[in-house]
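1. the following comprises the amino acid sequence and a computationally predicted model.
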Amino acid sequence: MIALAHTLGVAQPTGFPLYCLLGNLFCRVPLGSLALRVNLLSSVASASACLAVFWILRRQVRPSLALVGALTYGLAATPWSQATIARTYRLTQALLAWELLLVLVVLDRRGSRSFLLLALLAGFSLSTHLLAVLILPLLAYVALQESWTRRAQALALFVLALSLYAYLPIRAPVTRYNAYGPLTTVGQMTDYLTEKRYRNKQFARSPANVRAFFSTLVHGVAGDHPWSAALLVVAAFGVHGIHRIGGRLHLLLGVPALLNLFILLAYGDNRDIYFLPRYFLLWGLVLSIFFAIGLERLMVGLDRRGPWVLGLAVALLLWSGWANRSRCDRSGTVFPRDYAQALLAPLPRGAILFLAGDASTLMVDYLQYCEGVRKDVHIGGQEEYEGLLPVFRQGKVPSHEMYANFLPGELPPRHRAVHSGHGSPGTRRWSTTRRRLSAGRSSSTGGWTSSRRTTGTAPSGRSTTRGGRRRGTGSCSTRWPRSTP
């Protein structure tokens, strides 16, 4: 995302146009490296989300407890971990938090211009991440209580904010790695925005995966604070208190949170369990709000002993800050840069490097476009490699040395792939594994088959050093003769 923000590129669906534009603005801040500047966007968004939580709570509890609730949200492990990396989640959460605040303001003061600002922010949040649809039920509920004139004005602002998606067809042709094709027609844009290539994930969870899904949710909530059990008990006390006095805050917060749960349960497969906590955008926020409201009830009920509750809450926050700091500190994370460096450094000048997936491609993009490292190497995707297979089947071979960080499933004539096992920089040494694949013509299938002979053992994707020199390329190198038939 750092390279995409710096070059104004197009990311995976749904493109995140607002994030890329804001990230590009942060790239112009004269402070540290480009990585620090774009990561700073997530940190600013995180602080903004905490401020929104404070003002939401300020309408419900005393200022000291509003601050406790905001810090409870900000110091939770999952939100904190997302505040130190260049991802869209904290910006989306910040926009959702301010939209929740505006919903409360509009419901208290109907006819105010806050409704127009709410519609504008809703459009901006949808241009950041599609999970921002969580706010749409509340937006529709508020809109029903406004005049037709105000609804028309709000709709115009909503569409104006969504017009940021025009960024995608404009920048798609100049994005160096775009595995999603051109975005020049309505059909192409529709397939891209609706994530056509991922539609097989809809209602694709197995029963075992559903159990793992809820287990991940429970462990994610429990792992946000070392005292999460107490947080849940006090938060339940706060929900009960709002319900007793006839408040509707629990509905305004509960509906988006349950919708968040349903969307993640309905869209996903057995491979995304590890990444789920970052997508629970509203759960930590909602629990923090109800926790502060529960503390307010405890302080009122205990009367003179109420200040002890506040002191205990501050102590718990200090505990969270101490426990989560090491978990969320990524200042020593250098593997992505070292991995990209290991891929590029050994390649000859003018080589072509095919990369599988956008993760490794974006690592290389950062070095080339943000730091100017090995810009002579041409980068291609696995899809481009597969697109060349019909040419290879005709007996033609390219005249340039080509490399890949994956083992191709099909090999062209006179092709030999050498895959070396490597150990990541700074780790223990590993013996090198070489797999030599000799291509042969298959008369039965008309395709190309390969035989494999493996010696030694080593984990793939590792780099090996011996005698102070790095061995291998950090990739699966694929070479063709320089002469063509």
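-> Good, I have the coordinates.

2. mind pulling up the pLDDT for the nearest residue to Val314 once chain neighbours are set aside?
-> Using C-beta to C-beta, 6 or more residues apart in numbering and skipping residues adjacent in sequence, the residue nearest Val314 is Val68, 7.1 Å away. Bear in mind the C-beta positions are built from the backbone N, C-alpha and C, glycine included. Looking at Val68, its pLDDT reads 94.

3. can I take it that Val68 is in a helix?
-> Yes. Using DSSP: H, G, I helix; E, B strand; the rest coil, the assignment for Val68 is a helix.

4. counting neighbours, what do you get for it?
-> By other C-beta atoms under 10 Å, 25 other residues sit near Val68.

5. who are the contact partners of it?
-> Contact partners of Val68, counting by C-beta atoms under 8 Å, 6 or more residues apart in numbering, are Ala292, Leu295, Leu310, Ala313, Val314, Leu317.

6. reformat those residues as CSV; add pLDDT.
-> Output for the contacts of Val68, formatted as CSV (pLDDT from 0 to 100):
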residue, pLDDT
Ala292, 92
Leu295, 91
Leu310, 89
Ala313, 91
Val314, 92
Leu317, 93
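
7. tabulate these (a markdown table), appending secondary structure.
-> Shown next, in a markdown table, are the contacts of Val68 (three-state DSSP):
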| residue | secondary structure |
| --- | --- |
| Ala292 | helix |
| Leu295 | helix |
| Leu310 | helix |
| Ala313 | helix |
| Val314 | helix |
| Leu317 | helix |
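
8. need the max-distance pair from the residues you listed.
-> The span of the contacts of Val68, defined through C-beta to C-beta, is set by Ala292 and Val314 at 12.6 Å.

9. who has more neighbours, the two?
-> Neighbours per residue (other C-beta under 10 Å) separate Ala292 from Val314, with Ala292 holding more: 31 against 14.

10. dump the residue contacts of the nearest residue to that one once chain neighbours are set aside.
-> Spatial nearest neighbour of Ala292, chain neighbours left out: Gly69 (3.0 Å); criterion: C-beta to C-beta, 6+ apart. Listed by C-beta under 8 Å, 6+ apart, the contact set of Gly69 reads Val53, Phe54, Leu57, Val61, Ser288, Ile289, Phe291, Ala292, Ile293, Leu295.

11. from these, which land in strands?
-> Residues from the contacts of Gly69 lying in strands, with DSSP state E as the criterion: none.

12. which helix in the chain runs the most residues?
-> Assignment by DSSP state H gives helix 34-58 as the longest helix of the chain.

13. what residues of that helix count as buried?
-> With burial defined by 16 or more other C-beta atoms under 10 Å, the residues of helix 34-58 counted as buried are 34-35, 37-42, 44-46, 48-58.

14. what's that helix packed up against?
-> helix 2-7, helix 17-27, helix 63-74, helix 77-82, helix 89-108, helix 283-302 (3 or more C-beta pairs under 8 Å, 6 or more residues apart in numbering; DSSP states H and E).

15. just put those in TSV and tack on distance to Ile352.
-> As requested, those are arranged in TSV below (distance: least, C-beta to C-beta, whole Å):
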stretch	distance to Ile352
helix 2-7	19
helix 17-27	27
helix 63-74	45
helix 77-82	35
helix 89-108	34
helix 283-302	45
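
16. out of those helices, which gets the lowest mean score?
-> Minimum mean pLDDT among the helices and strands packed on helix 34-58: helix 2-7, a mean of 82.

17. how about Ile77, what does it touch?
-> Not Ile; residue 77 is Ala. By C-beta under 8 Å, 6+ apart, the contact set of Ala77 is Gly223, Asp224, His225, Asn324, Arg327, Cys328.

18. now those residues as TSV including pLDDT, secondary structure and distance to Ala119?
-> Shown next, in TSV, are these (pLDDT from 0 to 100; DSSP: H, G, I helix; E, B strand; the rest coil; distance: C-beta to C-beta, whole Å):
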residue	pLDDT	secondary structure	distance to Ala119
Gly223	86	helix	36
Asp224	88	coil	32
His225	91	coil	35
Asn324	90	helix	36
Arg327	82	helix	38
Cys328	85	helix	34
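
19. highest neighbour count among the residues you listed?
-> Neighbour-wise, those (other C-beta under 10 Å) top out at Asp224, 27 neighbours.

20. state the distance from that one to Glu195.
-> Distance, Asp224 to Glu195, using C-beta to C-beta, to the nearest Å: 28 Å.

21. now swap in Leu155 and tell me
-> Separation of Leu155 from Glu195 (C-beta to C-beta): 25 Å.

22. out of the two, which sits in the more crowded spot?
-> The residue with more neighbours, out of Leu155 and Glu195, is Glu195; 16 against 13, by other C-beta under 10 Å.

23. contacting residues for that one?
-> Going by C-beta under 8 Å, 6+ apart, Glu195 touches Pro13, Thr14.

24. strands along the protein, start to end?
-> Assigned by DSSP E, the chain shows strands spanning 352-355, 378-381, 402-404, 416-420, 434-441, 448-455, 464-466, 469-471, 476-479.

25. one step back: quick check, nearest of the contacts of Ala77 to Ser114?
-> Nearest to Ser114 among these, counting by C-beta to C-beta, is Asp224 at 30.7 Å.

26. got the contact list for the closest residue to the closest one other than its chain neighbours?
-> Take Asp224 and drop its neighbours on the chain: the residue closest to it by C-beta to C-beta, 6+ apart is Ala76, 3.8 Å away. Contacts for Ala76 (C-beta under 8 Å, 6+ apart) come out as Asp224, His225, Gly284, Ser288, Ser320, Asn324.

27. returning to what we had before: got the angle for the longest helix of the chain vs helix 17-27?
-> Put simply, helix 34-58 runs at 120 degrees to helix 17-27, going by axes from the mean of the first three to the mean of the last three C-alpha atoms, to 10 degrees.

28. now do helix 34-58: distance to the chain's middle.
-> In terms of C-alpha atoms, centre = their mean, to the nearest Å, the centre of helix 34-58 is found 16 Å from the chain centre.

29. what's the answer for stretch 193-208, then?
-> Mean-position distance between stretch 193-208 and its chain equals 17 Å (C-alpha atoms, centre = their mean).

30. ok, now which ones touch Thr194?
-> With C-beta under 8 Å, 6+ apart, Thr194 has these contacts: Pro13.

31. now it: how far from Tyr279?
-> According to C-beta to C-beta, Thr194 and Tyr279 sit 18 Å apart.

32. repeat that for Pro256.
-> In terms of C-beta to C-beta, Pro256 sits 13 Å off from Tyr279.
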